[in-house]
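# One predicted model, sequence on top.
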Amino acid sequence: MSSALNIIGQGINRVEGRAKVTGRANYAADNHPPGLVYAFGVHSTVASGRIATIATEEARALPGVLGVWHHGNIPPIFRSPNDHGSGTKVGEARPPFEDDRVYYAGQYVAVVAATTFEQARAAAQLVSVRYEDEPDPVAATMESALAAHGEISRGGDARRGDPEAAWDAAAVKIDATYTTAPEVHHPLELHATVAVWQGDDVVLHDSTQSLNGERNAIAKMLGVPLERVTVKAPYIGGGFGGKLFMWNHTVIACALARELGRPVKLYVERRHQSTSVGHRPFTRQRLRVAADEAGKLLSVRHETHSLTSLVDEFQEGCGGVTRALYEVANLGVTHRMVPANIGTPTSMRAPGAAPGLFALECAVDELAQALRLDPIEFRLRNLPELEPERKLPWSSNHLPECFAVGSARFGWARRDPAPGSMRDGSEILGWGVAGASWGAHRGPCAARAEFRLDGTLRVSCGTQDIGTGTYTVIAQVAAEVTSLPVERITVVLGDTRLPPGPNSGGSQVTATVIPAVAEAARNVTQALFRVATRRNGPLAGKDPKQLSLLGGVIVYAEDPTLRRTIPETLAACRLGSIDAEGRSGPNPEAQKYAFRCFGAHFAEVRWDPGLARLRVSRIVSVLDAGRIINAKTALSQIHGALLMGLGMTLMEESVYDPRTGRVVNDNFADYHIPTHADTPEMDVVFLDHPDPHMGEFGARGIGELGITGITAAIANAVHHATGKRVRDLPIVTEKLLD
Ligand code: MOS
C-alpha cells in the first residue's frame, strides 16, 4: 500500500530532534527519583592477581556513605545463562565480585554508595585494596597472551576446495599479515543505570541497545521473575555495540538498590569505557591470496587471531565477509581467540567485517598491483554470480554499479597507478579504493498502533533508538500507510512494557520494524473502518471496503462528500481510542536468497613528505543498501561510519601498557579520534534500489555498512601516495617515516 504522501525516502528531520536539542529528552543518568543515592566503582589497578585485603573503614567513616561492597559482602548476583538464542547474553559472563580473583585492570573490586555523588566518589578513593600478584606475569599483548594462554577455537571457520594446493600452483600470490588496534566505542553518552525497586518490581533507566536482552539478563542475575523487571531507555546517546550487551555496572546498581531499599545511580566513568564495557579487540590477520595471470582468484586463506579476556570469550569474526565477497573455488577461513589480561571485548560497529575487510581489501589491492591490473577491474573479474558458499541467488546485489558510479564521481580514470606519481604542489595525492559489505538481517518484531481522540496516531514498539533515526523511520512508515501527516504521529519506544522489538544491533532495526509497524498501521485502519460502519457508527451500513483514509480523514468511495475525521468517528462510537497490533517474523525468504549490503569506497589522501603530514581530503562512497527510508538520517549514519573508519585507519588505538596491562590512553586527550579539522569532503550516494525480497519498501540496513572497507580504501590510498604498505593500523605518521 502506498499513499499520496510519498514520505518514504524523504530526508525529514528527526521527530525527536527538538526534544534532544532543547534538553527535554531524558537520558538514563537524567533520572533522579526520590531517595536516589549514588554508587561509585572501585576498579582494580592490577591486571592479574588476588585481592588480599580491602580496607573500607576510612571510606565508611565519610559523611553520607551508606556502605562499601566487594566480593566479601555483596548481595547475591547469579551468572547469566549467556545464551545468544534466548537473548540473555551479557558483555562479561563472570558476574561482578564473584570471588577474590582479578583478571584485568579496571575490573570492579568494590563499590561505594552514598547520598551524594561527590561523597560516593570521594569515598571510593579511600577504599584501599591490597593485591597479591599472580605468579604468572601480566599478558596483555598478542605475543605474551599466546605464550601464557594459547589459543581457543570456537567456530566460524570455513573451507572450500584445496586452498593449499591452489596456492602452490598459482602464478601470482600475496602473503601478508595485517593487524588492527584495539578500539573503544566511546559513545558521547556514558553508560549509566538508575535502578528503582518498588516492592518486588524493579525499573531500570538504562543506556542500552537491547531493552529486552537486558531485562532477561537482570531477571536471571538477580533471581527475579521476568515480569517484575522493566527497562526504560527512551533516548540513547550512541552505542556502537558497546551497549548491545549488559555490563556489570547495571546489575551492580540493581543489586545495591534492592539491598538499600533506595534508588541507585551508577555510571561508568569515561576512563572505564576502555576497560569495563567492551572494546573492539586487537586482531592479527594473515592473508594468503593467489590468482592466475589473467587475474582470476584461485586461492584465499584468511587466518585471524584476536584477543579476548580471561573471563569471557568474544571472537572477532574477521573472515566472515571473506566467505561471501569473491568467487574463489579454494578458500580457508579460520578464527582463533587468545585470552589476555584485558577487559572483555565485544561487538563494535561492523564487528568482524570492519577489521576483516581492512585486511582482505588491502590484500586484494596488493594482488591487483602484482598483476598490474586496475584494482577495480580485478574485483569486477572476481565478483560472484551467486553467493559463493550456499550457491544462493543474491536478493539484490548492485556492487558493480557501486564501483561504476563511484569511479565516475571520483574521477578514478585519471589515476596514474604508479605510487607517488600524482603531485599537487608540495603534496602527493594517493587514490585508493575498496569494497564494502555487511549482512542484511530481519528478526521478529511486534508493534502497536492506536488512533486517539485528538486525531493522532500513536505507534509503539519495544525497541530503542540509539541515535540512528529509528523514531523517525517508524513515523514515516506509519505515515505512509495511514496517510496521516507525520506531525500527527507519535512514536513511543524504549520501554520493555511495549510490544517486543529488536535490539539495536547488526543494522537490523529498520528492516525488522517496518513489517510490524506497517501491519499495525493497516490493522488499526481496518479496525477504525469497522467501528465506523457499525450500527451506531457515523458511517453505519456502509461497506468498510469502500472506505479509505485520506490525510487522516475517512472517505467513502461512492460519495466522496461523505467523510469523517478520526476524532469524529471515535467520539461518535464513544471510543477513547482504537488500537491494533502488527507482528512480523524473520525474513521468510532467508533460505531462498542471500542477503547482503554492498558498497564501494574511494579515498583521496594528501601526503606532504616535507612536513610529514597525512590527511584524508576526499571520500566518495556509493552504497547499495536497498531502499533508503530517510535520506537525512541515512546520510548521517554513513558520515559517522566513514569518520569512524577514518579514525580506525589513522588514529584510534587503545594502548595497553605491556607490563601492567593498564590502558594508557583512557581519555579523550590521549585517545585520538577525528575532529572537524580532520573531516574530509564526503560524497555519499545511495543507489536506492529496493530489495524485492527484504519485505515492504525493500530497505536493508545502513548502520554498519559504511565502516566496512573504508579503512582499506584509505590504507590503499596511503600506499598509492607514499609507496609504503602499512599493514598495521593505525597508520600514524611515524610509520611512514624511514
Ligand atoms: Mo552493532 S556492533 O551490532 O551495535
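Sure, I can see it.
# When you work out contacts or count neighbours from here on, use the C-alpha atoms and nothing else.
Noted.
# Tell me, how many residues neighbour the closest residue to residue 594 other than its chain neighbours?
Counting by C-alpha to C-alpha, 6 or more residues apart in numbering, residue 594 lies nearest to residue 394, which is 4.7 Å off, once chain neighbours are set aside. By other C-alpha atoms under 10 Å, 18 other residues sit near residue 394.
# how close does residue 394 get to residue 318?
22 Å (C-alpha to C-alpha, to the nearest Å).
# rewinding a little: enumerate every residue touching the residue nearest to residue 594.
Residue 394 makes contacts with 386, 387, 593, 594, 595, 596, as judged by C-alpha atoms under 8 Å, 6 or more residues apart in numbering.
# wait, what's in contact with the third one?
Neighbouring residues of residue 593 by C-alpha under 8 Å, 6+ apart: 392, 393, 394, 395, 693.
# repeat for residue 124
By C-alpha under 8 Å, 6+ apart, the neighbours of residue 124 are 40, 41, 42, 59, 111, 112.
# Narrow these to those in strands?
Under the assignment DSSP state E, the contacts of residue 124 contribute 40, 41, 42, 111, 112 to strands.
# In CSV: these, plus pLDDT.
Below are the ones in strands among the contacts of residue 124 laid out as CSV (pLDDT from 0 to 100):
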residue, pLDDT
40, 98
41, 98
42, 98
111, 98
112, 98
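# that older thread, looking at the contacts of residue 394, which are in strands?
If you go by DSSP E, the contacts of residue 394 have residue 596 in strands.
# ok, of the contacts of residue 394, which one's closest to the ligand?
Taking C-alpha to the nearest ligand atom as the measure, the ligand lies nearest residue 596 of the contacts of residue 394, at 14.7 Å.
# Show the pLDDT at the nearest residue to that closest one once chain neighbours are set aside.
Once flanking residues are discounted, residue 596 sits nearest to residue 439: 4.3 Å by C-alpha to C-alpha, 6+ apart. As predicted, residue 439 sits at a pLDDT of 97.
# for residue 461, same thing?
Looking at residue 461, its pLDDT reads 98.
# who touches it in this structure?
446, 447, 448, 492, 493, 494, 498, 499, 500, 501.
# thinking again about what came up before, can you redo the ones in strands among the contacts of residue 124 as CSV with neighbour count and distance to residue 258?
Shown next, in CSV, are these (neighbours: other C-alpha atoms under 10 Å; distance: C-alpha to C-alpha, whole Å):
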residue, neighbour count, distance to residue 258
40, 27, 16
41, 27, 17
42, 24, 20
111, 26, 15
112, 28, 15
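# Give me every residue in the protein that's in contact range of the ligand.
Neighbours of the ligand within the chain, by C-alpha under 6 Å from any ligand atom: 240, 241, 244, 347, 348, 349, 350, 351, 505, 506.
# how deep is the fourth one tucked in, by neighbour count?
The burial metric for residue 347, expressed as a neighbour count using other C-alpha under 10 Å, is 25.
# do the last one as well
Using other C-alpha under 10 Å, residue 506 has 24 neighbouring residues.
# what does the fifth one give?
By other C-alpha under 10 Å, the residues close to residue 348 number 25.
# so what's the closest residue to residue 445 other than its chain neighbours up against?
Among residues not flanking residue 445 along the chain, residue 501 sits closest, at 4.6 Å (C-alpha to C-alpha, 6+ apart). Contact analysis of residue 501 by C-alpha under 8 Å, 6+ apart lists 444, 445, 446, 447, 461, 462, 463, 513.
# of all these, which comes closest to residue 673?
Lowest distance from residue 673 to the contacts of residue 501 (C-alpha to C-alpha) belongs to residue 463, with 29.4 Å.
# nearest residue to that closest one other than its sequence neighbours?
Spatially, and ignoring its direct neighbours in sequence, residue 463 is nearest to residue 501 (4.5 Å; C-alpha to C-alpha, 6+ apart).
# Equivalent analysis for residue 585, please.
residue 444 (3.9 Å).
# For the ligand, what's the nearest residue on the stretch 351-500 of the chain?
Residue of the stretch 351-500 of the chain nearest the ligand, by C-alpha to the nearest ligand atom: residue 351 (5.6 Å).
# my guess is that residue contacts residue 317, does it?
Yes: counting by C-alpha atoms under 8 Å, residue 351 does reach residue 317; the two are 6.9 Å apart.
# the more surrounded of these two?
The residue with more neighbours, out of residue 351 and residue 317, is residue 317; 28 against 24, by other C-alpha under 10 Å.
# all helices for the stretch 51-200 of the chain, in order.
Shown for the stretch 51-200 of the chain, the helices assigned by DSSP state H, counting those that start in this stretch span residues 57-61, 117-126, 142-149, 163-169.
# Indicate which one of the ones you listed is closest to residue 81.
helix 142-149 (24.6 Å).
# Now do the buried residues in the closest one.
Going by neighbour count (16 or more other C-alpha atoms under 10 Å), the buried part of helix 142-149 is 142, 144, 145, 146, 148.
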